[in-house]
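Asker: need a 3D model of the following:
(one chain, ligands or ions: 2)
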Amino acid sequence: MTNASHSGNGAVTTDWSELSGRVAPLDTDAARAVGAAVEAFTAPVRIQIAGRGGVGRTTVAAALRQGAPDTEFVEMPAFDVPGADDPLLDAEVVVYVLVDPVRSADRRALGRVRGGKGGSLVVVLNKADTIGADDAAVDARVADCARDCGETVHPLVATTGLGIEPIATAVNEGISRARVTRGGTLIRELRRQAVRSLPARDVIEQYVGSDAAVTLEAAAARGEVLELLLQEPGDVRSADDALRNAQWWQNQAQQSLPGSRRHAALTIHREYVRQWARLSGAAPPHGA
Ligand SMILES: Nc1nc2c(ncn2[C@@H]2O[C@H](COP(=O)(O)OP(=O)(O)O)[C@@H](O)[C@H]2O)c(=O)[nH]1
Ligand SMILES: [Mg+2]
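Answerer: Residues are numbered from 1 along each chain as shown. Ligands and ions are numbered 1, 2, ... in the order given. Got it, this is the predicted structure:
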């Protein structure tokens, strides 16, 4: 087995960084591909801070940077600069900074992010202190901007930090989503390399079969069956709970037509079988 380790019901980890070193003597091409996949998985999540010039990108980036380790905040060149191309917003998390009123350049930028790779978008209405005398005036402008952009809009005074918490929360949710997506991508790529490389197959499959890999795959699968998550039986505290959830997901898979939804349900089922095995001290059933 690999050095995959587990701690009861909770966190399971694997040292992914050593995998490409183990593959290297077996298949250099596979080692390169595995190394790149692991690097993409472990790299800091990139967050772009974008908007027109002077809206407060630098100030917003400074305010957000404080509470987010393992991330890279990038202030993008200003939108809507005459003679310059608008920057490409392609990060896993995009924070778009507006000031009142919304301009057509802002609408254009937001439309492009929505049509892009499907990362998370957080829209900030900065300089809320310049909007009006009272909270009601700010609330009314926030509602107008939200209608105009078709997005949730978070008011902020970046210079004082007033309003930063919900924005930091939304950014952190985007970071978590990015990590979940990356986990699914990593395991898919490792499976691909295991299929392609006969000499490295056994080593890669040990990792793909580890509890940590099963956990990453299940987390990504959850994003494909969101409506089922609401119906899923409760939290897992005991082996019996894990078994109950495993059976529930197996039923969902049996009731689904073959396809991505059924595959997702089986992937989640598999993770609960592993949890059950850890909690009960049993060896996991072969192939699960
Ligand atoms: N009144 C007010 N001024 C702000 C706020 N945020 C930024 N500023 C000011 O707006 C100006 C431009 O900010 P900056 O962060 O450099 O904008 P950038 O060009 O988008 O990077 C600076 O003078 C900031 O101090 C805010 O929330 N309220
Ligand atoms: Mg700046």
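Asker: so how far is ligand 2 from the nearest residue to L89 once chain neighbours are set aside?
Answerer: In this structure, L89 finds its nearest non-sequential neighbour in V113, 4.9 Å apart by Cβ to Cβ, 6 or more residues apart in numbering. In this view, the C-beta of every residue, glycine as well, is placed from N, C-alpha and C. Separation of V113 from ligand 2 (Cβ to the ion, to the nearest Å): 19 Å.
Asker: and whichever strand or helix holds V113, what's buried?
Answerer: In this structure, V113 is located in helix 104-114 according to DSSP states H and E. Of all the residues in helix 104-114, those buried under the rule 16 or more other Cβ atoms under 10 Å are D106, A109, L110, V113.
Asker: what does the helix or strand just after it rub up against?
Answerer: Sequence-wise, the next helix or strand downstream of helix 104-114 (DSSP H and E) is strand 120-125. With Cβ atoms under 8 Å, 6 or more residues apart in numbering as the test, strand 120-125 has contacts from 60, 92-100, 110, 113-114, 141-142, 145, 149, 151-156, 158, 167, 170-171, 173-174, 177-178.
Asker: select from these every entry located in strands.
Answerer: V93, V94, V95, Y96, V97, L98, V153, H154, P155 (DSSP state E).
Asker: so which of the residues you listed comes closest to ligand 2?
Answerer: V97 (10.0 Å; Cβ to the ion).
Asker: can you read off the pLDDT for that closest one?
Answerer: Per-residue confidence (pLDDT) for V97: 98.
Asker: would you map the helices across the stretch 51-200 of the chain?
Answerer: 57-65, 104-114, 135-149, 164-196 (DSSP state H, counting those that start in this stretch).
Asker: isn't G184 up against A218?
Answerer: No - in this structure G184 lies outside contact range of A218 using Cβ atoms under 8 Å: 9.4 Å.
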